[in-house]
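In: need a structure here:
(2 chains)
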There are 2 protein chains.
Amino acid sequence: MFEIQGFRAAAVKSGIRGKDRLDLGLIVSDIPASAAGVFTTNRVKAAPVLLGRERLQGGRVQAILVNSGIANACTGAVGLRQARICGAMAADALGISPELVQLSSTGVIGMALDVEGFRRAIPRLIAALNGGAGADDKAALGLKAVARAIMTTDLVPKTAVRNLSLDGVAVKIAALAKGSGMIMPDMATMLCFILTDAAVKPELLRRMLRSAVAASFNRITVDGDTSPNDTVLLLANGRSGAPLLAAGSPAQIVFQQHLDDLCRDLARQVVRDGEGATKLVTVRVEGATNQAEADRAARTIANSSLVKTAFFGEDANWGRIISALGRSGAVFNPEAVGIAFNDVVMVQNGVGLGAAAEKRATEVLRGQEFTVTVNLRAGGAAAECLTCDFSFDYVRINAAYRS
Amino acid sequence: MFEIQGFRAAAVKSGIRGKDRLDLGLIVSDIPASAAGVFTTNRVKAAPVLLGRERLQGGRVQAILVNSGIANACTGAVGLRQARICGAMAADALGISPELVQLSSTGVIGMALDVEGFRRAIPRLIAALNGGAGADDKAALGLKAVARAIMTTDLVPKTAVRNLSLDGVAVKIAALAKGSGMIMPDMATMLCFILTDAAVKPELLRRMLRSAVAASFNRITVDGDTSPNDTVLLLANGRSGAPLLAAGSPAQIVFQQHLDDLCRDLARQVVRDGEGATKLVTVRVEGATNQAEADRAARTIANSSLVKTAFFGEDANWGRIISALGRSGAVFNPEAVGIAFNDVVMVQNGVGLGAAAEKRATEVLRGQEFTVTVNLRAGGAAAECLTCDFSFDYVRINAAYRS
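Out: Have a look, this model is predicted:
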């Protein structure tokens, strides 16, 4: 069961994206939840991000109102005002303080929200929340409906759930995410909402979220581009009855493990559903002199258009991998480098191992999922980055996205 | 006339790339020429680059032997030895010191040179040089033939020539280049050979070449990837009879201007022939706080896959431009940014100007060539980067390049 105690969710077809698509979602906690968030590091920040960051300083969130189709980014003072108005409408209808409402938007940059559309849709959203969705094909109940409502170029909704036991009490973490294009590491990529009925104070929640994001969403790339709307929110309403999570306790370790695991699961779903993607590839760099260089090397390879088109062509073209490595800024001796596709070593001491190795590597590339391991043999640091291939469909989707 | 006094050139079909393609070229100066070179900044350097860098320390070059089809990169000690052997064969045949021979290769990384193929081809190359090419359809005389022989995914050969007067003496600069994929700023991108009959000492030649490259080849990108083989060589044989170029003289300024202009011309030809390119786009960032940030911003926009696919789709999607800007690291206030396509202003103070502006901008994008100007309104620095769009053909070419 995907639902989680003390949280309700619903989505409606508000008309932003035509008549037949869920495009507006609402998630509500019965009581103000402890909350933490990670937002885009892009210097250009969407109105809902600016507003959300400000409101999150209080560490409490009771509702998340999210739409797809329009990003409400680069909309200036008007966009900020419209976000406040839409949030206030939801707060009024729910009878809560507007400061407890987080807004989130994803879609075309530069377009203004249709405030009147929100005004018409919010009562239907609340009705659906209260169980009135069954009779109305324009609304749907539950977190899965919200996961569908926030899709843009996504082909599948992305959800994950973990069940754990904290001090003997059953606790749940449920999450939903969207993301397919404008995805790249080094920030909170895409939209992701994580809900738990554990009891955690905002400060600890923040720390745990940052740690989980660093090892998941910040380690993926689809196209090297980052969005002004990226947001990950984590809400904890304590309704499980588990005791307040203590920093450094065994229960915190258990919670962090499950949170990490859940975030990695969703990050993986995002890359698997990368725009036009046909392959899911883990780029692992080991033997680097330090963590930063391992990281930079893995990301440079994972973002190279030439490497990614070779993956699409199922071409074990290690020359492009070593070329990307060479411009990454990582320090290494080119004559020491090793490269393997899964367990097939193709390059040793910087030199290719020939046709037989290449043939076996090509077999690996025929699979939908594989790992490229690059060993710099310069030190002990390692890093991974999850990426996808670069296909005709990526170009098709992005040459036509707005038209 | 493309030929230049005191230099001869020829190319043959050596068989590296099948029977029907010119793939091996030779350029010879009658006397040892003063020479300067700029090589890849990629940490992984091809054998001919390692050898060429070493030999260029003497500041003299008499012959350039260049092949396409095989890059002789990541070939270790064997590749270096093979480059030396092939260079020595050419030196022997020409009766000059091997130290005066520069080697250059472009093609598939990791493949070894076919030394026996070189052994068979070099006598034919020398025969062609000496005027024996007319009767042989397997060889061709002149720099244009070499320009054809070094093409890989290039669709057209790239050449440029400038005629100038130094202290009243007619001087010529002629150049040929190749490059279409694995092209990105911040190094000497691709192969380029520049010949002049001016008389210039190596040290001054080096300074002038570095300056010209910084403003031309280092300001272009096709796909953000850099090659281990990138090389620009400038040879001056003094055969025009013009006096030795003096640093700081009016003649030096004239020569530098023509050299800059010629390099920009070739850089432009490389981007126009970018893999799969249908548009030539100048990304200009102005109003930056300093040069480095202007540069970084222009390059980040020019390398964004989302921006480049939008160009291909003729979509005036400024949201992607401002998003790329936001992750570039340049410091600016998002609410001050202006964006224009040619003279059509689309964004003012960070906000889009609406449907009418967009319609006019879309007209601009229908053209084969246009300029995107981004004004950060943060300072006085500006930078340009030349890029192309990202099309289905880029994916087709690179998914299939080796197969």
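
In: now the biggest helix by length in chain A, how far from the centre of its chain.
Out: As assigned by DSSP state H, the longest helix anywhere in chain A is helix A:250-272. For helix A:250-272, the separation from the chain centroid amounts to 12 Å (computed by C-alpha atoms, centre = their mean, to the nearest Å).

In: likewise stretch A:6-17?
Out: A distance of 20 Å separates the centroid of the chain from that of stretch A:6-17, by C-alpha atoms, centre = their mean.

In: how far out from the middle of the chain is stretch A:201-220?
Out: Between the centre of stretch A:201-220 and the centre of its host chain there is 12 Å, according to C-alpha atoms, centre = their mean.

In: do it and chain B meet at all?
Out: No - figure legend: stretch A:201-220 not in contact with chain B (C-beta under 8 Å from any C-beta of the partner chain); closest approach 13.3 Å. From N, CA and C alone the C-beta is placed, and that goes for glycine too.

In: List the buried residues for that stretch?
Out: Buried residues in stretch A:201-220, counting neighbours by 16 or more other C-beta atoms under 10 Å in any protein chain shown, are found at A:201-202, A:204-206, A:208-209, A:212-214, A:216-220.

In: Over to stretch A:159-174?
Out: By neighbour count on 16+ other C-beta under 10 Å, the buried set for stretch A:159-174 is A:Thr159, A:Ala160, A:Val161, A:Arg162, A:Leu164, A:Leu166, A:Val171, A:Lys172, A:Ile173, A:Ala174.

In: Verify the assumption that the last one is located in a helix.
Out: This points to A:Ala174. No - assignment of A:Ala174 by DSSP: H, G, I helix; E, B strand; the rest coil gives strand, placing it outside any helix.

In: contacting residues around it?
Out: With contact taken as C-beta atoms under 8 Å, 6 or more residues apart in numbering or on different chains, A:Ala174 is in contact with A:Phe2, A:Glu3, A:Ile4, A:Phe7, A:Leu143, A:Thr159, A:Ala160, A:Val161, A:Arg162, A:Ile194, A:Leu195, A:Thr196.

In: what about the second one, is that helix, strand or coil?
Out: When you say that, I think you mean A:Glu3. Assigned by three-state DSSP, the conformation of A:Glu3 is coil.

In: Isn't it up against A:Lys144?
Out: No - using C-beta atoms under 8 Å, A:Glu3 is not in contact with A:Lys144; the gap is 9.0 Å.

In: Go ahead and measure how far stretch A:143-158 is from the middle of the chain.
Out: Taking C-alpha atoms, centre = their mean, one finds stretch A:143-158 lying 12 Å from the centre of the chain it belongs to.

In: My error: substitute stretch A:84-94 in the last question.
Out: Offset of stretch A:84-94 from its chain centre (C-alpha atoms, centre = their mean): 26 Å.

In: and that stretch, which residues are buried?
Out: With burial defined by 16+ other C-beta under 10 Å, the residues of stretch A:84-94 counted as buried are A:Cys86, A:Gly87, A:Met89, A:Ala90, A:Ala91, A:Ala93, A:Leu94.

In: among the residues you listed, which are in helices?
Out: Filtering the buried residues of stretch A:84-94 for membership in helices, criterion DSSP H, returns A:Cys86, A:Gly87, A:Met89, A:Ala90, A:Ala91, A:Ala93, A:Leu94.

In: Just checking: the least confident one among the contacts of A:Ala174 is which?
Out: Within the contacts of A:Ala174, pLDDT reaches its minimum at A:Phe2, with 67.
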